[in-house]
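J.: show me the folded form of this:
(one chain, ligands or ions: 1)
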Amino acid sequence: MTIYVREGTAEDGGFIINNGIHVTKRELEILALIGMGLDNHEAAEKLFVSVNTVRNHIWNLMQKLGATSRAHAIVLAVQNGIIEVKHERSLGTYVRGFDKYVLCILCGKANLIDDYKEGEPKKVIINHVEYEIDNMPKCPSEGCRGDISYTLDWDKVRKHHSEYPEIPEHGVVYDYDIEWFRGY
Ligand SMILES: [Zn+2]
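T.: Okay, here's the model as predicted:
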C-alpha cells in the first residue's frame, strides 16, 4: 500500500481548504509516511527533520482538518482527495478482484492489464483525408506486436484450460490453444 500526496493548488503544492486554511505539502508528506506505518522517528529521519518538527506538523494538520486523531486525519485527507491510497498489486488483491489478468494471444504471456502500455494515437490517410485513430494499449512483452484486442480474460482462458492455475504466473508464456480461439 502506498499513500500519494496529490499536487495541490497552493504555492508550495499543498492545499487551500475551507475558509482559506493552508494545508502544507510538508504536513501532508508526513501524514502519508505515518499512514504507511512509519513512527515519528522514522518519518523524521526520512525527511531530515527533527522528531519535534514531525510532531508539530502532525498536530497542526490535525487542527486544520478538524481531526481527532492521526487515523482520523488520514481518513479526512483521503475523503477530501488530498492524499490517495493505492493498493499494491499482488496475488492477494487479485483474489479480491481488483486486478485483472489477460493473456496476449500473440506472445502467449499472461500480464496484468494495468501493465499494458498506453498506445500512441496514429494518423491514417483515407481518400486524402487524414484521420487520427486511437492506438490500442500495447502488450508489455518485449518485441510483441499485440495490443489490447489480442487479449483474452484469464477467466475465459481457464474455462477451456481448467488445468491452468486460477491466478496466472505473471509474464509466463502459456501454451495457449490458438485453434480453440479461432472457434471462439
Ligand atoms: Zn504479447
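
J.: now the element after the helix ranked longest in the chain, going C-ward?
T.: Within the chain, and with DSSP state H defining each element, the longest helix by residue count is helix 51-65. As assigned by DSSP states H and E, the chain's next helix or strand after helix 51-65 is helix 70-79.

J.: now what about the helix or strand that that next one is followed by, what contacts it?
T.: Sequence-wise, the next helix or strand downstream of helix 70-79 (DSSP H and E) is strand 83-86. Residues outside strand 83-86 that contact it (Cβ atoms under 8 Å, 6 or more residues apart in numbering) are 1-6, 28, 31-32, 35, 74, 77-78. (Glycine included, C-beta is placed from N, CA and C.)

J.: chain center to strand 83-86, what's the gap?
T.: 9 Å (Cα atoms, centre = their mean, to the nearest Å).

J.: and the helix or strand where His41 lies, what does it pack against?
T.: Using DSSP H and E, His41 sits within helix 40-47. Packing partners of helix 40-47 (3 or more Cβ pairs under 8 Å, 6 or more residues apart in numbering; DSSP states H and E): helix 25-35, helix 51-65.

J.: ok and the longest helix of the chain relative to helix 70-79, angle-wise?
T.: Angle between the axes of helix 51-65 and helix 70-79 is 60 degrees (criterion: axes from the mean of the first three to the mean of the last three Cα atoms, to 10 degrees).

J.: quick revisit: will you turn the helices and strands packed on helix 40-47 into a markdown table that also has mean pLDDT, distance to the ion and mean neighbour count?
T.: A markdown table is the format used below for these (pLDDT from 0 to 100; distance: least, Cβ to the ion, whole Å; neighbours: other Cβ atoms under 10 Å):
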| stretch | mean pLDDT | distance to the ion | mean neighbour count |
| --- | --- | --- | --- |
| helix 25-35 | 95 | 36 | 22 |
| helix 51-65 | 96 | 46 | 17 |
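
J.: mind giving me a markdown table with those and columns for distance to Ile148?
T.: Rendered in a markdown table, the data for those read as follows (distance: least, Cβ to Cβ, whole Å):
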| stretch | distance to Ile148 |
| --- | --- |
| helix 25-35 | 33 |
| helix 51-65 | 41 |
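
J.: cool, thanks, signing off.
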